[in-house]
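Undergrad: Model the structure of this input:
(2 chains)
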Amino acid sequence: MAELSVSPELIVDRYYRGAILCLGTTSFAVSEEMVRLIERLSADARAVLSAEEEELAALLLERGVLQRSAS
Amino acid sequence: MARVLVAGYDGTSRVPGTSDGAARLWSALSEQKTAATAPWERVFIREDSKSSLITCRKIKARADAARFKLALGGEHLITFPLIESLQRAEPKLRLVVLDAHHDAYDYPLLTHFSLFHFLWEELKIPTLIVGVRHEVEKAAPGCQLVPMSTVRAQGIEATLARVQAFTEGAPFYLSVDLDVLDPSALPAVSDPIPGGLSIAELGSVVDTILGWRPLAMDLVEYNGVRDPGGQALRGLQPILRSVAQWLS
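TA: The predicted model follows:
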């Protein structure tokens, strides 16, 4: 089963809704839904994702926020 | 006793200074008290960490505990937790905003320039924004806009009639971003946009709308750093007088 883990380099600047994510020298704003997904996967890398969450996870994988690994 | 929130916060603003504006608005408002004025209870919140998360949570917790009749900003973001709290008690709440900017940009972060987009998307609060003259075409769908060009074309009376039709029979909140004023009337805002209302026009509009008994209101975006001598603040006296009378 594949796991989605959150990059250990990630810094999260939380807003009341949404957050600015920082990886290395790159930073970008993400929605509240993405923040919730990151928080969920931080707590449980094997969490079962909905189709909508899978789409968000794909975007976060592209940006290096999430990393996929086989368990 | 009317509760007044003084929220010195400018953490999501590019230009600092509205955090100082809150306390100065409070001082100027207090000068409008007369012997007949009922006492007000002031609650002061200032968040120097600049965290919108901490600030909004603090404001919402205070508003959940007891309703504020007036809030003094600070940047416009402070309106969001106040409305969020008020809507729980008043599900049919409507929102009237006077502002040069629509503050309804579709942006992932909740900030002073995206709060009305979030209020619509999350809470579905019917919102009418009057006086908009900056990037009108970039407002996210949901809010109703009355651009400043329409105010000028149709006149103040017709604009007020539209506000009255929007609020009639419903509980409503009035949010006044002071940059709705023309920069010649109030230069001390963070992002002045030419072509706004005069002091007399805003005074008349605020006076009329307060006569329709909003549940609560706020005055936001006065930038104290840009008004070191307080001259611009003194120009706001007619508006503050109306607010003081309504508050009492």
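Undergrad: which residues of chain B fall in helices?
TA: B:18-30, B:52-65, B:79-89, B:115-123, B:148-154, B:156-167, B:199-210, B:231-235, B:237-247 (DSSP state H).
Undergrad: Now do the second one: everything it contacts.
TA: Helix B:52-65 has contacts (C-beta atoms under 8 Å, 6 or more residues apart in numbering or on different chains) with A:14-16, B:5, B:7, B:9, B:11-12, B:43, B:45, B:47, B:68, B:77-78, B:80-82, B:84-86, B:88, B:110-111. (Each C-beta comes from the backbone N, C-alpha and C, glycine too.)
Undergrad: and if you look at the last one?
TA: Contact partners of helix B:237-247, identified using C-beta under 8 Å, 6+ apart, comprise B:2, B:4, B:25, B:28-29, B:31-33, B:37, B:40, B:69-70, B:199-200, B:202-203, B:206-207, B:210, B:217, B:219.
Undergrad: Make a ChimeraX selection of whichever of these turn out to be buried.
TA: The following ChimeraX line selects those of the contacts of helix B:237-247 that are buried, judged by 16 or more other C-beta atoms under 10 Å in any protein chain shown:
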select /B:2,4,25,28,29,32,40,69,70,199,202,203,206,207,210,217,219
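Undergrad: State the distance from A:Val48 to chain B.
TA: 25 Å (C-beta to the nearest C-beta, to the nearest Å).
Undergrad: possible to save the helices of chain B as JSON lines with distance to A:Ala43 and mean pLDDT?
TA: Shown next, in JSON lines, are the helices of chain B (distance: least, C-beta to C-beta, whole Å; pLDDT from 0 to 100):
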{"stretch": "helix B:18-30", "distance to A:Ala43": "35", "mean pLDDT": "96"}
{"stretch": "helix B:52-65", "distance to A:Ala43": "19", "mean pLDDT": "97"}
{"stretch": "helix B:79-89", "distance to A:Ala43": "26", "mean pLDDT": "98"}
{"stretch": "helix B:115-123", "distance to A:Ala43": "24", "mean pLDDT": "97"}
{"stretch": "helix B:148-154", "distance to A:Ala43": "48", "mean pLDDT": "98"}
{"stretch": "helix B:156-167", "distance to A:Ala43": "44", "mean pLDDT": "98"}
{"stretch": "helix B:199-210", "distance to A:Ala43": "47", "mean pLDDT": "98"}
{"stretch": "helix B:231-235", "distance to A:Ala43": "49", "mean pLDDT": "96"}
{"stretch": "helix B:237-247", "distance to A:Ala43": "46", "mean pLDDT": "96"}
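Undergrad: Nearest to B:Pro192, out of those?
TA: Closest approach to B:Pro192 among the helices of chain B is made by helix B:231-235 (10.7 Å; C-beta to C-beta).
Undergrad: Report how many residues lie close to B:Gly211.
TA: Using other C-beta atoms under 10 Å in any protein chain shown, B:Gly211 has 11 neighbouring residues.
Undergrad: now do A:Ala29
TA: 15.
Undergrad: Quick check: which element contains it?
TA: Here A:Ala29 sits within strand A:26-30, counting by DSSP states H and E.
Undergrad: and the next element down the chain from that strand?
TA: Remark: after strand A:26-30, the chain's next helix or strand is helix A:32-43, criterion DSSP H and E.
Undergrad: Just give the nearest non-adjacent residue to B:Arg102, would you?
TA: You called it Arg, but residue B:102 is His. Among residues not flanking B:His102 along the chain, B:Ala139 sits closest, at 4.1 Å (C-beta to C-beta, 6 or more residues apart in numbering or on different chains).
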